[in-house]
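K.L.:
below are the sequence and a predicted model; questions follow.
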Amino acid sequence: MKTILTLLLLMTVLAPLPTHADDDDRHSRVNLDGAIARGEVLPLSEILDKVLPQIKGRIVEIEFEYEKSRPIYEIYIINSDGRRLEYEIDARTAEILGLEDED
């Protein structure tokens, strides 16, 4: 019984704490919102308008990050062969910088 109470207490105490991934997501979102507001990068909707005709597959994930001080949108897709691919997009110009096979 004591073990169960200890586990319940730990779950109650630890549950509200944010995870590391949540902190990263929040930090990335603040960076992105600030960069868009300052006109340093294009909003995702504009990026997608420009690159979707060139992307072949179903988008499954999009990330924003700085790579060597360059703002990048990473667009992950599943192509018709079922392979996961990553497009790296310059967030300032919507230029496709690269395509990597994630499999």
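P.N.:
Arrived safely, thanks for sending. Residues are numbered from 1 along each chain as shown.

K.L.:
any idea of the mean pLDDT in stretch 82-93?
P.N.:
In this model, stretch 82-93 has a mean pLDDT of 96.

K.L.:
one more: stretch 46-66?
P.N.:
Summarised as a single mean, pLDDT over stretch 46-66 is 93.

K.L.:
outside of it itself, list whatever touches it.
P.N.:
Stretch 46-66 is contacted from outside by 28, 31-32, 44, 71-80, 84-85, 87, 89, 91, 94, 96, using Cβ atoms under 8 Å, 6 or more residues apart in numbering. Glycine gets a C-beta too; all of them are placed from N, C-alpha and C.

K.L.:
for ChimeraX, write the select line for the buried members of those residues.
P.N.:
To isolate the buried members of those in ChimeraX, using 16 or more other Cβ atoms under 10 Å:
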select :31,32,44,71,72,73,74,75,76,77,85,87,89,91,94
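
K.L.:
the contacts of stretch 46-66 in strands, which ones?
P.N.:
71-78, 84-85, 87, 89, 96 (DSSP state E).

K.L.:
output those as a markdown table; include the columns distance to D49.
P.N.:
Output for the ones in strands among the contacts of stretch 46-66, formatted as a markdown table (distance: Cβ to Cβ, whole Å):
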| residue | distance to D49 |
| --- | --- |
| P71 | 17 |
| I72 | 18 |
| Y73 | 13 |
| E74 | 18 |
| I75 | 13 |
| Y76 | 19 |
| I77 | 16 |
| I78 | 21 |
| R84 | 23 |
| L85 | 20 |
| Y87 | 15 |
| I89 | 12 |
| I96 | 14 |
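
K.L.:
now, the most widely separated pair of those residues?
P.N.:
Spanning the widest gap among these are P71 and I78, at 24.8 Å by Cβ to Cβ.

K.L.:
mind listing the residues bridging to the spatially most central residue of the chain?
P.N.:
The chain has E63 as the residue nearest its centroid, 2.0 Å off, counting by Cα atoms, centre = their mean. Note on E63: beta-bridge partners by DSSP bridges are E74.
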